[in-house]
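In: here is a sequence together with a model predicted from it:
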Amino acid sequence: MAPGMGAGRDPWRPWRAGSAGLIGLVLAGCSSLPHIVPDLARRPAGTAQVRLAGASGPLSAAQRQAVLARLQAGGAPTDIFDRHLAMEQAIVGSPLTTGNRVRLLQDGAATYEAMLTAIALARDHVHLETYILDDDEVGQRFAQALIGKRSQGVPVRLLRDSVGTLGTPTAFFERLVASGVQVLEFNPANPLQALGARKDWAPNQRDHRKLLIVDGTTAFLGGINISSVYSGGSTGRNPRPRADGSLAWRDTDVLVQGPAVAELQKLFLAAWAQQQGEPPAGGNFFPASRAAGREVVRVIGSSPTEPFSLIYATLLSAIDSAETSVQITNAYFVPDPQLLEALEAACRRGVAVTLILPSQTDSWLVFHAGRRHYDRLLSAGVRIFERRGAVLHSKTALIDGVWSTVGSTNLDWRSFLHNHELNIVVLGPDFGGQVQAMFDRDLALSDAVVLPQWRRRTLDNRLKEAFARLWEYWL
């Protein structure tokens, strides 16, 4: 796979991999999204006990109420804290953690510099989990950083998705292994390779997470893969193309420090063990937690081995609890009936629902499969904008200005059913204000989709939408 091709999508596609890919998908079997009824979100205010944990462990009842009161103060009028948090806790199981610092990182350049700086400062371990790791300028910088750190005696573990790195030469990873980096391939695409590793062959289950953990104290996650497609600027008033003339990719990551990093570490170690990696030894993976800021964070990891996507169910409940606004930016928008119904129901309650979606993409099937829902959503009152001047790859949401999520999860069937995904939820108006400012910047660089004009789209586009609909389940 050439750099920049398919950096956000799963290359294991019947239209990319040929008949062998189609057979693999069929053999992988079919599953479906269950209908999720967020009954807990309907509880009267004050009836649910929401768990919160800090650097020193679970908070007392008084401390918990003080945190929730602080979150409620200063934000938009909303019942999301009372109606939604108990549901979210019941779904996910992990507690809300206080005392975190969360920093928004927009686009690849800023994210890579922060990540490489963190790797350079590592003293105990480096854990990297990624979908795509290209053998290009950016990939080589990361390889050199990991090799350099390993030469200093710091253990380095890399969990890379087999399909996402399908186009990366074997020599790239052999060099890492030769330097002492532990490299583990997630669900090998080659069935013989999976058999040799005594793993079940699960070609349709992909690791779409993007996670870097350094010393158990600092973590990065979001939608940004390791690839030169992120070179160039895509957030200014005049987005700059990459050196080869193609559009830069617009994406979002977060830097997290504080107690929430331990929850991210648990997910990495669980994935490493599930893939039969050599048991990590000798590292201080869970150092004594220290408060790093004031943000309240919940970590949500989803896996196709679970009855349903935890991130999907959480988002549905949050939209269901919205009182004032739902603002979503997403790269691959192929909603299922429940998500469509949730967005329409929010509009009927008077909630302002706004979507920022791509105007250009690396997967035309996904692009047109999502567009076929525009008429229905616009008719319901949803405002839709398409981002220009960049390839939009961001996956964020902001509800009522106080419930924010950033991660790897697209709003499509693939993320909800087939992928291992990772998001964080951040509560409160402070971080919500940062996400709102980011949303407003993207909105200013987007074009509105207007219903009368949309209904005059060409026959060619309508035929593409009809064809793409046949593949929705796999997108």
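Out: Nice, thanks for sending it over.
In: where does pLDDT dip in this protein?
Out: 1-49, 74-76, 196-198, 232-243, 245, 473-475 (pLDDT under 70).
In: that one - how does it break down into domains?
Out: Following automatic domain parsing, the chain resolves into domains at 39-99+296-474, 102-274.
In: now those in JSON lines, with distance to Pro287 and mean neighbour count?
Out: (Glycine included, C-beta is placed from N, CA and C.) Shown next, in JSON lines, are the domains of the chain (distance: least, Cβ to Cβ, whole Å; neighbours: other Cβ atoms under 10 Å):
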{"stretch": "domain 39-99+296-474", "distance to Pro287": "11", "mean neighbour count": "19"}
{"stretch": "domain 102-274", "distance to Pro287": "5", "mean neighbour count": "20"}
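In: can those domains go into a markdown table with extra columns for distance to Gly283?
Out: Output for the domains of the chain, formatted as a markdown table (distance: least, Cβ to Cβ, whole Å):
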| stretch | distance to Gly283 |
| --- | --- |
| domain 39-99+296-474 | 20 |
| domain 102-274 | 4 |
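In: so the residue nearest to Leu195 when sequence neighbours are not counted, which state does it fall into?
Out: Counting by Cβ to Cβ, 6 or more residues apart in numbering, Leu195 lies nearest to Trp201, which is 7.1 Å off, once chain neighbours are set aside. Of the three states, Trp201 takes coil under DSSP: H, G, I helix; E, B strand; the rest coil.
In: center of this structure - which residue?
Out: Against the mean C-alpha coordinate of the chain, by Cα atoms, centre = their mean, the closest residue is Ser408 at 1.4 Å.
In: which ones are touching that residue?
Out: Ser408 makes contacts with 131, 208-210, 221-223, 395, 415, 419, 421-423, as judged by Cβ atoms under 8 Å, 6 or more residues apart in numbering.
In: which one of those is nearest Leu68?
Out: Among the contacts of Ser408, Asn423 lies closest to Leu68 (Cβ to Cβ), at 21.3 Å.
In: okay, now the sheet partners of the helix or strand where that closest one lies, with direction.
Out: Using DSSP states H and E, Asn423 maps to strand 419-427. The strands that strand 419-427 pairs with in its sheet are strand 206-207 (parallel), strand 295-302 (antiparallel), strand 403-407 (antiparallel) (by DSSP bridges).
In: keeping just the C-alphas, turn that strand into CSV.
Out: Extracted C-alpha coordinates of strand 419-427, given in CSV (Å, rounded to 0.1, in the frame of the first residue of the first chain):
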residue,chain,number,x,y,z
ASN,A,419,-13.0,-3.3,15.1
HIS,A,420,-11.2,-2.9,18.4
GLU,A,421,-11.7,0.8,19.1
LEU,A,422,-10.7,3.3,21.9
ASN,A,423,-12.2,6.6,23.0
ILE,A,424,-12.1,8.7,26.1
VAL,A,425,-15.0,10.8,27.5
VAL,A,426,-14.1,14.1,29.2
LEU,A,427,-16.7,15.8,31.3
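In: helix or strand right after it?
Out: helix 429-444.
In: pull the residues that contact that following helix.
Out: In contact with helix 429-444 (Cβ under 8 Å, 6+ apart) are residues 71, 74-76, 102, 104, 106, 235, 250, 252, 294-295, 327, 329, 354, 356, 385, 387, 392, 394, 396, 398, 401-404, 406, 426.
In: relative to Leu128, how far out is the residue nearest to Ile119 when sequence neighbours are not counted?
Out: Among residues not flanking Ile119 along the chain, Ala145 sits closest, at 4.7 Å (Cβ to Cβ, 6+ apart). Distance from Ala145 to Leu128, counting by Cβ to Cβ, to the nearest Å: 10 Å.
In: isn't Gly407 up against Ile424?
Out: Yes: shown here, Gly407 and Ile424 form a contact pair, counting by Cβ atoms under 8 Å, at 6.4 Å.
In: Leu128 belongs to a strand?
Out: Yes: according to three-state DSSP, Leu128 belongs to a strand.
In: returning to that earlier point: and the residue nearest to the centre of the chain, its phi and psi?
Out: Backbone torsions of Ser408, given as degrees, to the nearest 10, read phi -100, psi 0.
In: what's the spacing between it and Ile224?
Out: 9 Å.
In: okay, and the common contacts of those two?
Out: What both Ser408 and Ile224 touch, as defined by Cβ under 8 Å, 6+ apart, is the set Lys210.
In: between the two ends of stretch 277-293, how far is it?
Out: 34 Å (Cα to Cα, to the nearest Å).
In: list the contacts of it.
Out: The contact list for stretch 277-293, computed with Cβ under 8 Å, 6+ apart, reads 54-56, 98-102, 124-125, 155, 157, 159, 182, 184, 215-217, 257-259, 262, 265, 269, 272-273.
In: if you look at those residues, which of them are in helices?
Out: Ala262, Gln265, Leu269, Trp272, Ala273 (DSSP state H).
In: how about the last one, what does it touch?
Out: If you count contacts by Cβ under 8 Å, 6+ apart, Ala273 has them with Pro279.
In: residues touching Ala346, list them.
Out: Per Cβ under 8 Å, 6+ apart, neighbours of Ala346: Ile319, Asp320, Ala322, Val326, Val353.
In: these two touch, right, the fourth one and Arg349?
Out: No: under the contact definition of Cβ under 8 Å, Val326 does not touch Arg349, with a separation of 10.4 Å.
In: do you know how far Ala69 is from Gly432?
Out: Ala69 is 16 Å from Gly432, by Cβ to Cβ.
In: what's the closest non-adjacent residue to Thr409?
Out: Glu421 (4.3 Å).
In: sorry, slip of the keys, the one I care about is Asp161.
Out: Closest to Asp161 by Cβ to Cβ, 6+ apart is Asp207, at 4.3 Å.
In: so how far is Gly108 from the one you found?
Out: 20 Å.
In: swap in Leu451?
Out: For Leu451, the distance to Gly108 - Cβ to Cβ - is 35 Å.
In: try Gln72
Out: 36 Å.
In: next: Gly381.
Out: 35 Å.
In: cool, Pro307 as well?
Out: 35 Å.
In: which stretches of the stretch 151-300 of the chain form strands?
Out: 156-161, 182-186, 206-207, 211-214, 218-222, 249-250, 252-257, 295-302 (DSSP state E, counting those that start in this stretch).
In: parallel or antiparallel, which strands does the second one pair with?
Out: Just to be clear, that refers to strand 182-186. Strand 182-186 has these strand partners (DSSP bridges): strand 156-161 (parallel).
In: now tell me what touches the partner strand from outside.
Out: 125-133, 146, 149-150, 173, 176, 180-187, 206-208, 268, 271-272, 275, 277, 280.
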